[in-house]
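K.L.:
no sequence for this one, just the structure:
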């Protein structure tokens, strides 16, 4: 399993802008972040991690769609994806604006993010017998919205941004005032995790229009309980998502298994309990394979 697609090509332009598979990336807009602090600039080779990931095998039975979080990218799954061992396809798009530049991010909308995920779903459901979905934070919210349109085989939700530890309505009013006063960006606060081993690649500054899109999307979301099996992972130390409120939303859903990760915060695929997430996904797949072997198709 190669994480970097061999067709990707790196071209440097004036040492600041990288053109990668027709996507323009502003090198100075990204940082390695942990707990809101900027740790390191990205090296030339790090930009491969931001790119959409598409891996397809010869079989067409089982696919997994992965959706990353707000201000994040496919790079957030760089340690999870190589450990997944039973899917015929692994697909992780870069949501519009997220892997490009702060300017492009400011121009992207919640509708753009949802439409991107929708198109990926449409493609996978045409090609594969079963499709699972895994979403982190914003990706988890998108997964829940997509669940009303598509019949997923299984959902893995990692700290889905259905409820936040803040007053969204007050923040929307504040952002509107700041925008009216001419402010364009806020300091990036990515990397809410406990570990000191990994870091999240994110924007060093967050455009106010993108924040307004996110908060509006969350505030307008109408909860619909999934009908397929769900594994919900919540970080016990999460300072972004209101985990207890999210747990209550799923607590009366009989098809949901809730996992509290005691040693993790919000960016679960880069935190201390990644192994627990990986084991759950792989055990689920192994169980299905054993069942298929015991009851072969006639």
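P.N.:
Cool, the structure landed. What you are looking at is a predicted structure, and each value in this text was computed from that prediction instead of being measured.

K.L.:
what stretches of the stretch 1-150 of the chain score poorly on pLDDT?
P.N.:
By pLDDT under 70, the weakly predicted segments of the stretch 1-150 of the chain are 1-24.

K.L.:
can you give me the helices for it?
P.N.:
102-107, 110-127, 138-146 (DSSP state H, counting those that start in this stretch).

K.L.:
wait, which of those helices is closest to residue 206?
P.N.:
helix 102-107 (7.9 Å; Cβ to Cβ). The way it works is simple: take the backbone N, C-alpha and C, and place the C-beta from them, glycine included.

K.L.:
So which elements touch that closest one?
P.N.:
Contacts defined by 3 or more Cβ pairs under 8 Å, 6 or more residues apart in numbering; DSSP states H and E place helix 102-107 against strand 23-26, strand 205-207, helix 208-220.

K.L.:
Pick out the shakiest of the ones you listed, pLDDT-wise.
P.N.:
Lowest mean pLDDT within these: strand 23-26, a mean of 69.

K.L.:
Name all residues that make contact with the residue nearest to residue 223 when sequence neighbours are not counted.
P.N.:
Spatial nearest neighbour of residue 223, excluding adjacent residues (Cβ to Cβ, 6 or more residues apart in numbering): residue 249 at 6.0 Å. By Cβ atoms under 8 Å, 6 or more residues apart in numbering, the residues touching residue 249 are 162-163, 223, 225.

K.L.:
List buried residues within those.
P.N.:
Taking 16 or more other Cβ atoms under 10 Å as the criterion, what is buried in these is 162-163.

K.L.:
what sits against residue 145?
P.N.:
114, 221.

K.L.:
what's the spacing between it and residue 62?
P.N.:
Separation of residue 145 from residue 62 (Cβ to Cβ, to the nearest Å): 23 Å.

K.L.:
do the same with residue 205
P.N.:
39 Å.

K.L.:
Between the two, tell me which one has more neighbours.
P.N.:
residue 62 (20 against 17; other Cβ atoms under 10 Å).

K.L.:
Touching, the more buried one and residue 129? I think so.
P.N.:
Yes - between residue 62 and residue 129 there is a contact at 7.0 Å, judged by Cβ atoms under 8 Å.

K.L.:
List the contacts of the closest residue to residue 112 other than its chain neighbours.
P.N.:
Nearest non-adjacent residue to residue 112, counting by Cβ to Cβ, 6+ apart: residue 96, 4.1 Å away. For residue 96, the contact set (Cβ under 8 Å, 6+ apart) comprises 104, 108-109, 112-113, 116.

K.L.:
Out of these, flag the one nearest to residue 258.
P.N.:
Of all the contacts of residue 96, residue 258 sits closest to residue 113, with 25.7 Å by Cβ to Cβ.

K.L.:
okay, now the spatially closest residue to the closest one that is not a sequence neighbour: neighbour count?
P.N.:
Sequence neighbours aside, residue 95 is the residue nearest to residue 113 in space, at 4.7 Å (criterion: Cβ to Cβ, 6+ apart). For residue 95, the count of nearby residues is 26 (other Cβ under 10 Å).

K.L.:
Likewise for the one 4 residues further on?
P.N.:
Residues within reach of residue 99, counting by other Cβ under 10 Å, total 26.

K.L.:
Give the phi and psi angles for the residue nearest the centre of the chain, as a check.
P.N.:
By Cα atoms, centre = their mean, the mean C-alpha position of the chain lies nearest to residue 68, the distance being 1.4 Å. In terms of degrees, to the nearest 10, the main-chain angles of residue 68 are phi -90, psi -180.

K.L.:
what angle sits between the helix or strand containing residue 177 and helix 208-220?
P.N.:
Per DSSP states H and E, residue 177 falls inside helix 168-180. Here the directions of helix 168-180 and helix 208-220 differ by 160 degrees (axes from the mean of the first three to the mean of the last three Cα atoms, to 10 degrees).

K.L.:
now for helix 168-180, which elements pack on it?
P.N.:
Using 3+ Cβ pairs under 8 Å, 6+ apart, the elements in contact with helix 168-180 are helix 208-220.
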